[in-house]
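Q: Next come a sequence and a model predicted from it.
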Amino acid sequence: MIADDNQEKVNKVREFLRDSLKEIMSVLRAESGSLFLLDDKTKELVLESYHNHTQLSLHKVKFRVGEGVTGKVVEKQAPVLVKDID
């Protein structure tokens, strides 16, 4: 039953992150967005939540600090607004 309790907590956190991302995107009027969490063990940024209108399916996306836009944001510890990522 402990495993069930832990999974329920994980699901609640994921739901909170999804809802938070959608709210942030609404405020910024963004068409797509993503939320990465830093894995302390591997020092990788792991995609935890994303939303887009093109129905892209993303799984197991990871970046190192300094790699890609996401990694640069963490490296510089400053926000970056990307108007067109294409």
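A: Here it is on my side, so go on. Note that this is a predicted model, so its numbers are computed, not measured.
Q: Only C-alpha atoms from now on, for both contacts and neighbour counts.
A: Will do.
Q: Tell me the buried residues in the longest helix belonging to the chain?
A: If you go by DSSP state H, the chain has its longest helix at helix 2-28. Within helix 2-28, the residues scored as buried using 16 or more other CA atoms under 10 Å are 17-18, 21-22, 25.
Q: Residue 57: which of these is nearest?
A: residue 18 (14.8 Å; CA to CA).
Q: quick one, what contacts residue 42?
A: Listed by CA atoms under 8 Å, 6 or more residues apart in numbering, residue 42 has no contact partners.
Q: That one belongs to a helix?
A: No - assessed with DSSP: H, G, I helix; E, B strand; the rest coil, residue 42 is coil; it does not lie in a helix.
Q: Now do it against residue 74, distance only.
A: From residue 42 over to residue 74 the distance is 15 Å, taken as CA to CA, to the nearest Å.
Q: right, and the helix or strand after the longest helix of the chain?
A: strand 33-39 (DSSP states H and E).
Q: what lines up beside that next one in the sheet?
A: strand 44-51 (antiparallel) (DSSP bridges).
Q: Spatially central residue for the protein, please.
A: Centroid check for the chain by CA atoms, centre = their mean gives residue 35 as the closest residue, at 1.5 Å.
Q: Contact partners for residue 72?
A: 65-66.
Q: Report the secondary structure state of it.
A: Under three-state DSSP, residue 72 comes out as helix.
Q: what residue ranges in the chain score low on pLDDT?
A: 1-2, 55-56, 85-86 (pLDDT under 70).
Q: Enumerate every residue touching residue 65.
A: Neighbouring residues of residue 65 by CA under 8 Å, 6+ apart: 43-45, 71-72, 74-75.
Q: Which of those residues has the largest number of neighbours?
A: residue 45 (21 neighbours; other CA atoms under 10 Å).
Q: Surely it is in contact with residue 66?
A: No - with contact defined as CA atoms under 8 Å, residue 45 and residue 66 do not form a contacting pair (10.1 Å).
Q: Then residue 79 would be within a helix, right?
A: No - assignment of residue 79 by three-state DSSP gives coil, placing it outside any helix.
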